[in-house]
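Participant: Prediction below, plus the sequence it came from.
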Amino acid sequence: MATLVAGVDSSTQSCKVVVRDAETGRLMRSGSARHPEGTEVHPDAWWDSLQTAVAAAGGLDDVAAVSVAGQQHGMVCLDASGQVVRPALLWNDTRSAAAAEELVKEAGDGDTSSGARFWAEAIGTVPVASITAAKLRWLAENEPENAARTAAVCLPHDWLTWRLAGHGAGSGAAGLAALATDRSDASGTGYWSPAAGDYLPEVLEQALGRVPALPRVLGPLESAGTARVLAPGALLGPGAGDNAGAALGVGAGVGDVVVSIGTSGTVFAVGGHATSDASGLVAGFADATGHYLPLVCTLNASRVLDATAALLGVTLPELTELALAAPSGADGLTLVPYFEGERTPNLPDAMGSLHGITLKSYTPANLARAAVEGIMCSLADGLAALTAQGVQAERAILVGGGARSRAVQEAAAQILGLTVLVPEPGEYVADGAARQAAGVLGGQLPDWETHRTTTVTSPPDPRILDRYRTVVSTAYLGGRA
Ligand SMILES: Nc1ncnc2c1ncn2[C@@H]1O[C@H](COP(=O)(O)OP(=O)(O)O)[C@@H](O)[C@H]1O
Ligand SMILES: O=C(CO)[C@@H](O)[C@H](O)COP(=O)(O)O
């Protein structure tokens with residue numbers, strides 16, 4: 001009988017579970033379940049969704065190993081008994097924007113530029129609202145009683161792995177000591193340095209006022225123990241942040257840039273050295289294989305498509321058809337997609353906007369196309385920031401729910417200036433977690449050949465990005481590029 005492994009992606013909008021053959025990678029079963037809306041979510045809701053998704057995948061009683069990947073940065077605070085202190089603040093919750101600014105300024109003794117240089121060099125990432133350290137500073141300032149009750153801090157994937165190991169409310173000090181994470185997710189906290197491979201407790205103390213218990217950071221194929229719940233007896237992998245999970249899932253190599261269009265838009269690459277971008281555009285994360293994962297993340301991607309489809313009263317496939325019916329460049333209509341504020345560039349209070357409205361351009365088809373092009377332009381800016389850090393970019397690999405849209409695929413080919421590869425629709429973060437689980441079981445990452453990939457061709461149209469950049473520069477950046 002085949003040995004089975006499972007991978008989980010506990011992402012912003014949903015939880016996905018895949019069960020694969022450990023040797024061949026063949027997909028045996030899968031399931032998913034929705035997460036609640038909002039940017040503040042109680043971790044119990046993720047646990048409920050995980051249970052539903054596991055049941056939909058036919059259970060995990062027969063799997064030999066499981067790894068959990070998840071949305072990054074979410075602040076999960078536990079008290080001394082192991083109980084969750086308050087609902088988690090997610091990566092896309094911007095209430096911590098001012099706290100992030102304070103942390104940067106304080107590190108430079110009041111000077112933001114030298115503060116940013118400190119963070120880039122010490123941690124690899126200049127904090128913005130998304131980063132866990134900024135959320136902890138917000139907690140200390142706004143909910144001191146919750147901050148005082150916080151005995152341990154962990155991330156969404158750490159907490160789910162811990163629950164699978166049988167820990168939870170009532171586990172006490174021994175339970176907190178069993179918390180584990182991996183390099184990729186630790187690198188998004190703002191108090192773990194990918195270059196040093198260690199926590200910087202002084203940075204955490206500056207953020208929260210003291211240093212609570214933290215998860216042990218496991219190596220790429222180090223086990224987090226044995227599952228006792230949902231997959232009893234299965235080996236637990238270290239897990240990963242979802243972007244590092246996607247890199248594992250698509251098998252990204254040198255020259256590949258992964259572009260993910262989910263709730264977040266991300267552009268990232270696996271690299272051989274740690275980056276430190278003091279401009280704050282590129283986060284210098286770690287990957288899940290012992291290397292690095294320089295990454296740009298935006299707050300606005302697939303949900304801009306959801307909102308535009310809702311406004312036009314069409315389904316997502318209909319939105320794609322509308323966008324494809326419009327001319328490239330949408331007759332000059334430019335949509336800046338900062339609907340939820342923006343993280344890159346760091347404009348937490350920004351709003352979206354529409355430019356170039358004329359009697360000719362103001363049509364449903366052009367609006368659909370402008371939404372797609374606006375998202376892709378913001379990711380093209382991310383790509384430019386990445387290559388400015390020395391990242392080699394030859395091919396873009398599109399993943400995430402939005403990559404299912406042919407209009408998105410074609411816009412990528414027109415705007416990014418790279419060869420665009422689209423793996424067949426799938427759950428690549430959960431697949432990456434499953435691949436990690438197989439690696440933990442067998443001692444090395446398997447080379448699964450599990451997905452077909454198509455190359456998208458569409459004539460490049462540099463006018464789209466030029467026009468977008470002019471609009472962003474004048475309307476949002478005070479004339480700066
Ligand atoms: N056919 C489609 N066309 C465009 N977008 C799609 C399509 N199918 C799914 N999506 C998008 O996928 C998104 C969810 O993607 P996903 O990567 O699962 O998000 P997350 O990882 O943030 O939870 C939805 O917001 C939806 O807009
Ligand atoms: O904050 C980041 C990366 O820094 C986001 O990429 C989150 O990890 C959420 O991912 P999705 O659920 O949108 O895929």
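Facilitator: Looks like it arrived, so ask away. Ligands and ions are numbered 1, 2, ... in the order given.
Participant: Quick check: pLDDT value at Gly400.
Facilitator: Here the pLDDT value assigned to Gly400 is 97.
Participant: Surely it touches Val267?
Facilitator: No - using C-beta atoms under 8 Å, Gly400 is not in contact with Val267; the gap is 11.3 Å. For every residue, glycine as well, the C-beta is placed using N, CA and C.
Participant: hey, what's in contact with both of the two?
Facilitator: Common neighbours of Gly400 and Val267, using C-beta atoms under 8 Å, 6 or more residues apart in numbering, are Ser260.
Participant: what about these two, which has more around it?
Facilitator: Each of Gly400 and Val267 has its neighbours counted (other C-beta atoms under 10 Å); Val267 has more, 30 against 24.
Participant: and that one, how far is that from Leu293?
Facilitator: 11 Å (C-beta to C-beta, to the nearest Å).
Participant: Mind listing the shared neighbours of those two?
Facilitator: Common contacts of Val267 and Leu293 (C-beta under 8 Å, 6+ apart): none found.
Participant: So which residues make contact with the helix or strand where Leu176 lies?
Facilitator: When elements are assigned from DSSP states H and E, Leu176 belongs to helix 172-177. With contact meaning C-beta under 8 Å, 6+ apart, helix 172-177 is reached by 78, 80-82, 151-152, 162, 167-168, 213.
Participant: 7 Å instead, please
Facilitator: 78, 80-82, 151-152, 167, 213 (C-beta atoms under 7 Å, 6 or more residues apart in numbering).
Participant: Please apply the same query to stretch 374-385.
Facilitator: By C-beta under 7 Å, 6+ apart, stretch 374-385 touches 257, 259, 261, 265, 267, 281-282, 296, 298, 300-301, 304, 334-337, 344, 393, 411-412, 415-416, 464-465, 468.
Participant: Swap in 8 Å and give it another go.
Facilitator: With C-beta under 8 Å, 6+ apart, stretch 374-385 has contacts from 257, 259, 261, 265-267, 277, 279, 281-282, 296-298, 300-301, 304-305, 334-337, 342, 344-345, 393, 396, 402, 408, 411-412, 414-418, 464-465, 468-469, 472.
Participant: picking that back up, most neighbours among the contacts of helix 172-177, which one?
Facilitator: The most crowded member of these, judged by other C-beta under 10 Å, is Leu78 (27 neighbours).
Participant: That residue and Ala88 touch, don't they?
Facilitator: No - using C-beta under 8 Å as the test, Leu78 is too far from Ala88 to be in contact (10.8 Å).
Participant: So which bits of stretch 16-30 are buried?
Facilitator: By neighbour count on 16 or more other C-beta atoms under 10 Å, the buried set for stretch 16-30 is 16-22, 25, 27-30.
Participant: Find the pair from the residues you listed with maximum spatial separation.
Facilitator: The most widely separated members of the buried residues of stretch 16-30, counting by C-beta to C-beta, are Lys16 and Ala22 (18.7 Å).
Participant: Helix or strand: which one has the residue nearest to Ala56 when sequence neighbours are not counted?
Facilitator: Nearest non-adjacent residue to Ala56, counting by C-beta to C-beta, 6 or more residues apart in numbering: Gly31, 2.8 Å away. When elements are assigned from DSSP H and E, Gly31 belongs to strand 27-34.
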